[in-house]
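Asks: Fold the following and give me the result.
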Amino acid sequence: MRIIISIIRKEFIQIFRNKVMLPFIFIAPFVQMILLVYAANLEMKEIKFFVVDKDLSSVSRRLISEFTASPFYKFQGSGFNITEAEDMLTSEKANLVIHIPSGFSKELRVDNNAPVQLLINAVNATKASLIRGYTTAIITSFNRAVRYEWAGPVPSDQLREINMVSSFWYNPELDYKIYMLPGIIVILVTIIGMFLTALNLVREKELGTSEQINVTPIKKFHFIFGKLFPFWIIALLELALGLILGRLLFDLPMVGSIWLLFGFAAVYLLVALGIGLFLSTVASNQQQVMFLTFFFMLTFILMSGIFTPVESMPDWAQKVNTINPYAYFMKVIRMILLKGSGFNAISREFFSLLIYAFLILSLSVWRYRKVS
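Replies: Presented below is the predicted three-dimensional model:
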């Protein structure tokens, strides 16, 4: 035990003496968290639209006014040529073109039905689907109001309405920052646990200090535990600071047990540290380990469900996600913080990560013994 404590003490001294690593640990993550919460946002707050109104009636102008009155839409002009409108889409000056054909108001009055063409820039499919949803909702509301005015009030005995009252749970304001912030915290904590661990161990190999330690009476277990423990503590500290910052700056809700979250994070970090240790045994220098770490981290992040639900992925991708530790923590941190889930709700993920940690750490220690 005295040997392990001495190694841990040496590691902390070495970390705090490293002027390059300290800003990377304590400054960069929080700057990134603040920036990414605002940048990684799928909300549509400024939909630039162009109008081709060939009807020029009071009804068509009223429909256009529904969009100009909305805070989500920005009017970019109007014209009579559809080619001009397509040029607006091509040059990224507009995201949406609303084409109202001639005879629109007449067909709406006579046939109770009239077409409206929507041209949407669908390079970004997610953005396009949101624009379509917002625009369709406005047109539907306009159609309902106009038909009610023209048809007159319906007698009460013929009135058949369905009143729907929506209730949004866990994020009632539909604030996208509340959804993104826990996921970004997971990424930043994992960077400390996985990337810096691998980089630190390979650095020891490059400097030749690992060979010097190998010829001493210190056992490999003592050396590995002493190297991993400081980053385990620092990553948990990063989690605590991230939650505090999220609460102060973004009013992040913390409905569930914080102790349960830290208990799960402690097991999760064992997996991250194990992967970092394994990558350090495969790589022979810091450049190699950086490429390997970024490859796995980028793959894990994109498949973790930070932007899109894991359930919407293909079956093969969901099976591959079984070895993705990000996906476990990404799901659980949102369940605990936003939904207030207890241990029974996350027990499957907890025990899965516990087995994962045992396997990856055992493999990493065995691999480390083999290459040393």
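Asks: pLDDT below threshold where in the stretch 251-372 of the chain?
Replies: Applying pLDDT under 70 to the stretch 251-372 of the chain flags the ranges 369-372.
Asks: starting at the chain centroid, how far to the longest helix along the chain?
Replies: Ranked by residue count, the top helix of the chain under DSSP state H comes out as helix 220-250. Relative to its chain's centre, helix 220-250 lies at 21 Å (C-alpha atoms, centre = their mean, to the nearest Å).
Asks: What residues sit buried inside the helix or strand hosting L353?
Replies: L353 is part of helix 343-371 when elements are defined by DSSP states H and E. By neighbour count on 16 or more other C-beta atoms under 10 Å, the buried set for helix 343-371 is 345-346, 349-350, 353, 356-357, 360-361, 364-365, 368. Quick note: C-beta positions are derived from backbone N, CA and C, even for glycine.
Asks: can you check stretch 334-345 too?
Replies: For stretch 334-345, a neighbour-count test (16+ other C-beta under 10 Å) marks 334-338, 341, 345 as buried.
Asks: Can you tell me which of these is nearest S129?
Replies: R334 (22.4 Å; C-beta to C-beta).
Asks: in what helix or strand does the closest one lie?
Replies: Here R334 is assigned to helix 325-334, by DSSP H and E.
Asks: Mind giving me the packing neighbours of that helix?
Replies: Helix 325-334 sits against helix 176-190, helix 258-282, helix 286-302, helix 343-371, with contacts defined as 3 or more C-beta pairs under 8 Å, 6 or more residues apart in numbering; DSSP states H and E.
Asks: now these in a markdown table, with distance to N113?
Replies: Shown next, in a markdown table, are the helices and strands packed on helix 325-334 (distance: least, C-beta to C-beta, whole Å):
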| stretch | distance to N113 |
| --- | --- |
| helix 176-190 | 36 |
| helix 258-282 | 54 |
| helix 286-302 | 44 |
| helix 343-371 | 49 |
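Asks: mind checking how far the most centrally placed residue in the chain is from K106?
Replies: The structure's the chain has its C-alpha centroid closest to I306; by C-alpha atoms, centre = their mean the separation is 3.0 Å. Noted for I306: a distance of 50 Å to K106, by C-beta to C-beta, to the nearest Å.
Asks: Repeat that for F250.
Replies: Per C-beta to C-beta, F250 is found 51 Å from K106.
Asks: out of those two, which sits in the busier spot?
Replies: Neighbours per residue (other C-beta atoms under 10 Å) separate F250 from K106, with F250 holding more: 17 against 13.
Asks: wait, that one sits on P182?
Replies: No. Shown here, F250 and P182 do not form a contact pair, counting by C-beta atoms under 8 Å, at 10.5 Å.
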